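Asks: A predicted structure for the sequence below; I have some questions about it.
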2 protein chains.
Amino acid sequence: MTKKKDIVKLLLQGREVRPCKERGFGKAWANIAVCKYWGKRNEELNIPVTSSLSISLNGHGTETTVTPCSGNDEVSLAGRPIAPASQFGRGVAGFLNMFRPDANTFYRVETTNTIATAAGLASSASGFAALAMAVNDLYDWKLSGRELSIFARLGSGSACRSIFDGFVEWNAGASADGMDSFAEPLSVEWPDLRIGLVRVSTVPKTVSSRTAMKRTRRTSSLYEAWPVKVAHDMMLLKDAIGTGNFELFGQVAESNALAMHATMIGAWPPVLYWLPESVAVMRDIWRARDEGLRVYFTMDAGPNLKLLFLAEDEDAVKKYFPGVDVVTPFVKP
Amino acid sequence: MTKKKDIVKLLLQGREVRPCKERGFGKAWANIAVCKYWGKRNEELNIPVTSSLSISLNGHGTETTVTPCSGNDEVSLAGRPIAPASQFGRGVAGFLNMFRPDANTFYRVETTNTIATAAGLASSASGFAALAMAVNDLYDWKLSGRELSIFARLGSGSACRSIFDGFVEWNAGASADGMDSFAEPLSVEWPDLRIGLVRVSTVPKTVSSRTAMKRTRRTSSLYEAWPVKVAHDMMLLKDAIGTGNFELFGQVAESNALAMHATMIGAWPPVLYWLPESVAVMRDIWRARDEGLRVYFTMDAGPNLKLLFLAEDEDAVKKYFPGVDVVTPFVKP
């Protein structure tokens, strides 16, 4: 089986793992998928079953510095040390192990999330993208966007999309080593697009998305229909983005997210990320739409909802959803 | 297109539509599907895409009398007249039209539901089964169980299962006219089986199951996986019933119901019968199960849940779900 280390060797193509500066710096945005990444064809290398499509959230993400040090790795988040045994600590160590030149090389990784407080956004995508960028900077590897995307993907699948701004497509790829499974930006902007973050709960989820994906792929009879739906949705979404057809865009994004959750509901044991409050918000959205408001939603592997709407409807959306946190993905905050 | 009337002619095979007594009487139980009926291959004749499997609820159902009268049809429910334009009124009139011998023959249909108060059970299945039986009695047609099942099916699909007691299998059938799409009882009893009715809401649903089925079949990409799952689940359920394997029985029934709801969630516009409270009860059930209680659930096209458990766990189940209404499907109440 191909290991992550082997892929990094392929990516580096003889480049050296020797610091060119005191510390490397990286910065990346969180991203929200409108066509979801759900299911891996290679668990070790985070190679997805299908392509996916996301929007990077300009200004909301992660900044990371990487400094070689001695003794042991030191990871901190917003200035607070992270336990090596925690999920985050192990994730970072695993990433560093992919290129660590010898057993005596350690790193100080200092991470700060610039994600809007109370946003309820996943930080693993921007986190691993920023880390990949910081390492690339430290060693002055000058990896291309594609190469950086693959590098980040080895840390966390969706991180490969956070390497780029705006609309980003992650091509599933077909090769066994995943060297053709990288993200690329679409050359379209949609300045009026707004994303509203509705936070229902901050309680950590009891089933990780990694576990949920695996269980869904293995036990949900509905999963077989997922790749077919994604292929269709990708086409429709790119069409909607290209022509600025917001209704089509919102409809396909919402339908895609619901279908992803439906495949989990069909797994055994069932995976339901929805809380009672999630259903209440969904019903509010549908009622608002019945009343003429152009608002749709997407949801990731968690209980929170992300509204999709246009700038002109921002006031109306805020009236319906007083606690909403509005992000402008194409306009720097 | 074959009409319901044509099927009734086939069923009657020359029998006459002439009263043999003053009034006909019929009585049938509500049924709860552990493998759901979801999707019709013939909308007019209520012929399903897949087979299904249910449990009739001994003692909880409908009693109906049919009396020829003049002037116009008169339908009453628990002594109260039903408006001809209501859904129920139109349903009954449509059923009567299938065999009404001439335009001057009318019927008085008096219906009483013996379903446990606050049960939240659908009454259309037992209603049309009892009506079919009452008409068969009035005209002394002496239809066989299979024929009665087909007759009731023309009123409401799942009514074909309410013709029989205990476990009942509805064979989807393959013929265009549905003459091989009837229910049959399984020759197995499970006296210890208990069904717990948890009522979350009595508000009438905004989308009828007929509409929801149609929309799901037409727009949900996940629906294509449904018939495959049903074929598998039917096999497992019959195995579980035959061997008295309650865990397998409960697991497959719950998984089947969730998958049915998942296909609707994947429809457009999405069909979500769950209320926030439905999700809260699901989570309670999963927590109870995590704590060792052998309890599973099934759900129909509505927000209410039906618990599945064994007699020995009844006290424990009542502690977890204080409002539960317990039905003994194999023991007369």
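Replies: Cool, the structure landed.

Asks: ok, residue A:150 touching residue A:179?
Replies: Yes: under the criterion of C-beta atoms under 8 Å, residue A:150 makes contact with residue A:179 at 6.7 Å. The C-beta positions use only the backbone N, C-alpha and C, and glycine is treated the same way.

Asks: how about residue A:298, what does it touch?
Replies: A:32-34, A:253-254, A:256-257, A:305-306, A:308 (C-beta atoms under 8 Å, 6 or more residues apart in numbering or on different chains).

Asks: go again using 6 Å as the cut-off
Replies: By C-beta atoms under 6 Å, 6 or more residues apart in numbering or on different chains, residue A:298 lies in contact with A:253, A:257, A:306.

Asks: ok, residue A:30 next?
Replies: Contacts of residue A:30 by C-beta under 6 Å, 6+ apart are A:57, A:60-61, A:115, A:121, A:126.

Asks: redo that, cut-off 10 Å
Replies: Residues near residue A:30 by C-beta atoms under 10 Å, 6 or more residues apart in numbering or on different chains: A:54-62, A:113-116, A:119, A:121-127, A:129, A:158, A:161-162, A:327, A:329.

Asks: how about the top strand by length along chain A: buried residues?
Replies: Longest strand in chain A by number of residues (criterion: DSSP state E): strand A:52-69. Neighbour counts over strand A:52-69 (16 or more other C-beta atoms under 10 Å in any protein chain shown) mark A:52-68 as buried.

Asks: now that strand: average pLDDT?
Replies: Averaged over strand A:52-69, pLDDT sits at 95.

Asks: pull the helix or strand containing residue A:279 out as PDB, backbone CA atoms only.
Replies: Using DSSP states H and E, residue A:279 maps to helix A:276-290. Below are the C-alpha coordinates for helix A:276-290, written out as PDB (Å, rounded to 0.1, in the frame of the first residue of the first chain):
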ATOM      1  CA  PRO A 276     -33.800  18.800  17.000                       C
ATOM      2  CA  GLU A 277     -32.800  22.400  16.500                       C
ATOM      3  CA  SER A 278     -31.300  21.600  13.100                       C
ATOM      4  CA  VAL A 279     -34.700  20.400  11.900                       C
ATOM      5  CA  ALA A 280     -36.300  23.500  13.400                       C
ATOM      6  CA  VAL A 281     -34.000  25.700  11.400                       C
ATOM      7  CA  MET A 282     -34.500  23.700   8.200                       C
ATOM      8  CA  ARG A 283     -38.200  24.100   8.600                       C
ATOM      9  CA  ASP A 284     -37.700  27.900   9.100                       C
ATOM     10  CA  ILE A 285     -35.800  28.000   5.900                       C
ATOM     11  CA  TRP A 286     -38.400  26.200   4.000                       C
ATOM     12  CA  ARG A 287     -41.100  28.400   5.400                       C
ATOM     13  CA  ALA A 288     -39.100  31.500   4.500                       C
ATOM     14  CA  ARG A 289     -38.700  30.200   0.900                       C
ATOM     15  CA  ASP A 290     -42.400  29.400   0.700                       C
END
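
Asks: circling back: out of residue A:150 and residue A:179, which sits in the busier spot?
Replies: Neighbour count, other C-beta atoms under 10 Å in any protein chain shown: between residue A:150 and residue A:179, residue A:150 has more, with 29 against 16.

Asks: the more buried one belongs to a strand?
Replies: No: read with DSSP: H, G, I helix; E, B strand; the rest coil, residue A:150 is helix and lies in no strand.

Asks: about what we covered before: the longest strand of chain A vs chain B: in contact?
Replies: No: counting by C-beta under 10 Å from any C-beta of the partner chain, chain B has no neighbours in strand A:52-69; the shortest distance is 16.2 Å.

Asks: now that strand, how far from the centre of its chain.
Replies: With C-alpha atoms, centre = their mean, to the nearest Å as the basis, strand A:52-69 stands 10 Å off its chain's centre.

Asks: adjacent strands (with direction) for it?
Replies: Paired strands of strand A:52-69, with direction, are strand A:24-35 (antiparallel), strand A:106-113 (antiparallel), strand A:167-170 (antiparallel) (DSSP bridges).

Asks: helices or strands next to the following helix or strand past that strand in the packing?
Replies: Remark: after strand A:52-69, the chain's next helix or strand is strand A:74-77, criterion DSSP H and E. On a contact count with 3 or more C-beta pairs under 10 Å, 6 or more residues apart in numbering or on different chains; DSSP states H and E, strand A:74-77 meets strand A:52-69, helix A:87-97, strand A:106-113.

Asks: buried residues in strand A:74-77?
Replies: Within strand A:74-77, judged by 16+ other C-beta under 10 Å, the buried ones are A:74-75, A:77.

Asks: contacts for it?
Replies: Strand A:74-77 is touched from outside by A:62, A:64-65, A:67, A:81-84, A:86, A:88-93, A:96, A:106-113, A:123, A:127, A:131, with contacts defined as C-beta under 10 Å, 6+ apart.

Asks: buried ones in the lengthiest helix in chain A?
Replies: Assignment by DSSP state H gives helix A:246-265 as the longest helix of chain A. Using 16+ other C-beta under 10 Å as the test for burial, helix A:246-265 gives A:246, A:249-265.

Asks: re earlier: what do residue A:150 and residue A:179 both touch?
Replies: With C-beta under 10 Å, 6+ apart as the test, residue A:150 and residue A:179 both reach A:7, A:10-11, A:45, A:47, A:173.
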